[in-house]
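Undergrad: Predicted model follows, preceded by the sequence.
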Amino acid sequence: MSHASISMRQDKAAKQSLGRDPRMMVLRLRTLIALFILVVIFAFTAPAFLTTGNIIILVKQVALNAILGIGMTFVILTGGIDLSVGSIVGLAGMIAGGLITEGLILPMFGVSIFFNIPLVIAFTLIVGMVVGLLNGLIITKLNVTPFIATLGMLYMARSAALLRSNGATFPNLVGSDLLGNTGFPAIGAGTLMGLPWAIWIMVVFIFIASFVAARTPFGRQVYAVGGNERAAELSGVRVNRVKILAYMISGFCAAVVGLIITSQLVAAHPATGNSYELNAIAVVVLGGASLSGGRGSILGTIIGAFVIGVLNNGMVLIGLSEFVQTGITGFVIVAAVVLDQSQQRLQRQLALQQATAQVLDTQQGKEVA
Amino acid sequence: MSAQAPISPDEILLQAKQVTKVYPGTVALKNVDFNIYRGKVNVLIGENGAGKTTLMKILAGVEQASSGQLLMDGKEIHVSSPRDANRHGIGIIYQELNLYPNLSVSENIFMSHELTRFGTIREKDQYAIARDLMRRLEQDIDPNTIVGDLRIGQQQIIEIAKALAQNVRILIMDEPTSALSNIEVEVLFRIIRELKTQDVAIVYISHKLDELLQIGDYFTVLRDGALVAETHAGAINLNWIVEKMVGRRADSLFKHSEHKIEQEILQVNDLTLPRVGGGYVVDHVSFSLRAGEVVGIYGLMGAGRTELLESLMGLNSEARGAIILNGRNIAGLDIKSRIALGLSLVPEDRQLRGLIQKLSVSHNITLASLSRYLRMLALSSRLERASVRYEIDELRIKVANPDDLISSLSGGNQQKVVVGKSLLTNPKVLMLDEPTRGIDVAAKGEIFEIINQLALNGLGVLFVSSELKEVMAMADRVLVMWKGCITAELQKHEISQEAIAAASVGTQTSPETNTTQEAIR
């Protein structure tokens, strides 16, 4: 074969983008493919699976993990981790429940101030963000690794939730007309066009978060910080500010989930949200994000949340024991990461092949000349 | 292409044949032959990025060659891990220290080669052997000392002791003297001569050319990943080394154009950066830069050049002194503000500080200038694409698709992306730290063409280089640094190889450059 034809072929190979390799396509879309396969399996094995009622229940469940996952995605994209979200869920519920039941107590005046529901919600969300802010400040200003800082916050926020009521539940959060704070259960029970609010909240969050991650300077900088903090710094990215904001977003999302759950239960219990942080991390990882930062997407996280949601829902429907369910969920998470690794390896291999082909190409070119 | 190996009576112990190493985006070695002679000091010479370290890593089993073979005593061997290399009697002393600062001297020396009896470490024997090694190296160091408590020079000695503790047949030393005092270097040379009598082959890499002439028996020169020459000590002198190392071809690459030098744009007064443990990394440096001027900063490794540029950029918060850019003191501002005021740095380490490997070419280029593309709340992809397209054309970046990952590009093109990122911030002063490190010859020429063009457009350019030829060819003015001080400031007509080289080791040759007499204490 002549040199010319070889180099032409290699030229073509070199120009072809890596993403178009069929193996890469399968690996890249693996979570979506897995989701599809799960849906097909459960559609056949569990007759109730594809009923409207079940799907709404499923998506309502997914919404909680998805919203937590969205916040967690920002944090993980910066190369961090937020272990405190479960505790923030609990704390947020207790804050809202406390404000509705007891109001804001001002001991020096001997009075309690009751707020209307929008203010209760606003106050709760601010608390979530403040916890996130504390996480961010501890991590950036005091140089504590994210794992330790948020692990500490996991305990501290939970403690705050327990202290709010000395461990008791705030029951029956319907408010009273007299105090002008009725309507809280609507968040959990209300529907719009037949769908629960939780689902709509998730949809809105998906749109906003995708926009922020993909189309705003902040989003771009989140990826940059996670990809290479030192290079980002030299490019004028205010690294600390980006990180702090990511933790605040995570805290905010956790508070939203806390409000939804509390409203659904019409009661605030201080242990709510226990170990939710692990679900959130799982869905982000399933969505293809790298725990070392810089890689991942909101859409991926949402697909990850649906995989976990469909899996849990379907396994219950076909009557698998809870003990088996837990094991399968764990298996799926590990399998996802193993696949992720092979995608990375394949990507590197293809890049190296391409580079080598180019080199040989130029060498041949020189020899011909 | 490759030079003829001289006929020699000495025996070749290890032979690397036609070794090629490809990394994604760059070719580090192209069909390199390298002979290691038994009982001799085999010197490997080359500029930064010539491929010396890559070749050593292949010999030491840290990296695997893409093609080519290794022959030991004429038989092919496969070195696929450091453990393999050890088995074949190949030991290596790395440029960077590979010690465990939290462990003791003897623990470090015997790491992963512990002397054991029934699975427990024979502490006493290790201690005794380590103590003997310290005596042999003329060091008064107790083997129980924690390595972290030692001076850097002493740590380098420990690194050497570590290699000596194993019975090596080939000992590779990559810049072993960079942190050693003169006396310590003498000791090292004595040890090397001693090892030679025991038939140990030494592979010696250093930038200190006089050192090489003093100790070397065989010389192999690499340039841009290819073998240039191999010869023995009797046949060469300093000029030969420099000529082979730099290459005649390089001359034609740098075409110096006349720059129109205008008003002063950057003034640095008394800039200092303290060193951990006393002294200064940047020692009261003052200089100025004019618009349209290209100033080269030359100096040996560790002279403080990188730290100077990083301090100017705002990366070192401990830096003190005045930095006046366009009449405004920017000292104390953060990096983003300095960029906004017209300062930009193309860093020395592209991978570490220049690029974000997980992002695409286009996202890397626009990272430092995102606010330019902001319309309402969102980044305008139309504006972004236009900027990316402009820089790709302007800098002739070879990329199939701007959305490809940056890691798919060659070293030279990656470097152009970093330059493009800086240019999109509209700098008044562009600083480049070793802009040609690790990129091929053609790309080097292109980078300097770009620098020339920028100066013609009225930018002030400040660039650091370890390559004499580059500095001499490109700069309107040269600043030479040594131990954190500027030891010479040479105008265009004063620039000569001798003057620069002398100032870079702190000796004064030119009476005109008297600004620095006091700096040399």
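TA: Nice, I can see it.
Undergrad: name the element residue B:57 belongs to?
TA: helix B:52-59 (DSSP states H and E).
Undergrad: is that helix anywhere near chain A?
TA: No - judged by Cβ under 8 Å from any Cβ of the partner chain, helix B:52-59 stays clear of chain A, getting no closer than 14.3 Å. All C-beta atoms are positioned from the backbone trio N, CA, C, and that covers glycine.
Undergrad: So what touches that helix?
TA: B:14, B:16, B:19, B:21, B:28-29, B:32, B:34, B:44-46, B:63-65, B:70, B:79, B:85, B:90, B:92, B:95, B:170, B:172, B:174, B:203, B:205, B:222, B:225 (Cβ atoms under 8 Å, 6 or more residues apart in numbering or on different chains).
Undergrad: Moving along the chain from the lowest-mean-pLDDT helix or strand in chain B, name the first helix or strand you hit.
TA: Taking mean pLDDT, DSSP states H and E as the measure, chain B has helix B:249-253 as its least confident helix or strand, at a mean of 52. Heading C-terminal from helix B:249-253, the first helix or strand you meet, by DSSP H and E, is strand B:264-274.
Undergrad: so where do the strands sit in the stretch 151-300 of chain A?
TA: A:191-192, A:195-196 (DSSP state E, counting those that start in this stretch).
Undergrad: neighbours of residue B:298, just the number please.
TA: 28 (other Cβ atoms under 10 Å in any protein chain shown).
Undergrad: Give me the secondary structure label for it.
TA: strand (DSSP: H, G, I helix; E, B strand; the rest coil).
Undergrad: and the nearest residue to residue B:375 once chain neighbours are set aside, how many residues sit next to it?
TA: Excluding the flanking residues, the one nearest residue B:375 by Cβ to Cβ, 6 or more residues apart in numbering or on different chains is residue B:383, at 7.4 Å. As a burial measure, residue B:383 scores 14 neighbours (other Cβ under 10 Å).
Undergrad: Quickly note the distance from the residue of the stretch 51-200 of chain A at minimum distance from chain B to residue A:223.
TA: Per Cβ to the nearest Cβ, residue A:77 is where the stretch 51-200 of chain A lies closest to chain B, at 10.0 Å. Distance, residue A:77 to residue A:223, using Cβ to Cβ, to the nearest Å: 6 Å.
Undergrad: Strands along the stretch 51-200 of chain B, start to end?
TA: Under DSSP E, counting those that start in this stretch, the stretch 51-200 of chain B gives strands at B:67-72, B:75-77, B:90-93, B:116-117, B:120-121, B:170-174.
Undergrad: wait, which of the ones you listed is closest to chain A?
TA: strand B:67-72 (9.2 Å).
Undergrad: so where's chain B uncertain?
TA: Counting by pLDDT under 70, the ranges of chain B that qualify are B:1-9, B:24-26, B:48-49, B:95-96, B:178-179, B:247-257, B:438, B:440-441, B:507-521.
Undergrad: Would you mind giving the domain segments of it?
TA: Per automatic domain parsing, the structural domains of chain B span B:12-249, B:252-358+B:426-519.
Undergrad: so which residue of the stretch 251-369 of chain A comes closest to chain B?
TA: Taking Cβ to the nearest Cβ, the stretch 251-369 of chain A has residue A:294 as its residue nearest chain B, at 4.0 Å.
Undergrad: doesn't residue A:231 make contact with that residue?
TA: No - Residue A:294 sits out of contact with residue A:231 when judged by Cβ atoms under 8 Å, with a separation of 10.7 Å.
Undergrad: So what's the residue count around residue B:228?
TA: Residue B:228, neighbours per other Cβ under 10 Å, totals 20.
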